[in-house]
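**Student:** structure for the following, please:
(one chain, ligands or ions: 1)
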Amino acid sequence: MIDDIEIREATLDDLPEITSIFRDTILAVNSRDYSEAQVKAWSSGANDIEKWEERIKKTYFIVAHVGETIVGFSYLTKGYYLDGLFVHKDFQRRTIASKLLRIMESKVSINGFDTIKSDVSITALDFFDSHFYEVEKKQKKSLKGLVFENYIVYKDL
Ligand SMILES: CC(C)(COP(=O)(O)OP(=O)(O)OC[C@H]1O[C@@H](n2cnc3c(N)ncnc32)[C@H](O)[C@@H]1OP(=O)(O)O)[C@@H](O)C(=O)NCCC(=O)NCCS
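**Tutor:** Presented below is the predicted three-dimensional model:
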């Protein structure tokens, strides 16, 4: 556990660190549960800079940092939908995602919704289970011509 994790809203200056975390975490962590071709295709989403700029500008996008280093990020769309949650590959299991998730859950309540929802990877399922999320369904999603298995989860707040 690290004591000095701080959380703030992302800015466009954070974009290179955010996209590096996205790419490296998928390649190093999600590769436990997805094939080489799948993680290659998924992580290549880091190169779509315009999409990341749009996410930072238009969604509720927060980053966790330790000193100057960004160690995780998350973004919320539609007021209640947790669209992304990634922790730096070298900072896994140090409560960073739990802290980001707590803020997102509060934000969803502030936005006037009773339920938070997300689409989560096989890799993240145990994390969400430990935070009392229920599985609505297991699904298959297509990305760049490949099929990915993941789960829709929710929690009543
Ligand atoms: C899932 C993820 C966000 C969790 O981040 P994290 O900062 O490591 O999570 P925390 O340290 O807050 O975990 C809190 C608790 O969740 C559970 N948990 C987290 N990761 C787990 C795992 N891989 N296996 C089992 N339990 C896990 C544990 O109970 C953990 O507490 P513990 O470490 O005291 O046992 C991180 O592993 C990640 O970035 N995964 C890859 C990206 C991803 O799949 N994101 C999901 C959206 S697609």
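**Student:** need the residues of the chain near the ligand, please.
**Tutor:** Listed as neighbours of the ligand in the chain under the rule C-beta under 6 Å from any ligand atom: 25, 29-30, 85-87, 92-98, 120-121, 123-124, 126-127, 130. Any C-beta I mention is one placed from the backbone N, CA and C, and that applies to glycine too.
**Student:** are any of those residues buried, and which?
**Tutor:** For the residues of the chain next to the ligand, a burial check counting by 16 or more other C-beta atoms under 10 Å picks out 25, 29-30, 85-87, 94, 96-97, 120-121, 123-124, 127.
**Student:** Ile5: neighbour count?
**Tutor:** If you count neighbours by other C-beta atoms under 10 Å, Ile5 ends up with 18.
**Student:** same question, Leu15
**Tutor:** The number of residues near Leu15, taken as other C-beta under 10 Å, comes to 15.
**Student:** what does whichever strand or helix holds it contact?
**Tutor:** Assigned by DSSP states H and E, Leu15 belongs to helix 15-28. Among residues not part of helix 15-28, those counted as contacts by C-beta atoms under 8 Å, 6 or more residues apart in numbering are 10, 39-40, 42-47, 49, 52-53, 56, 63, 69-73, 84, 86-89.
**Student:** thanks a lot, catch you later.
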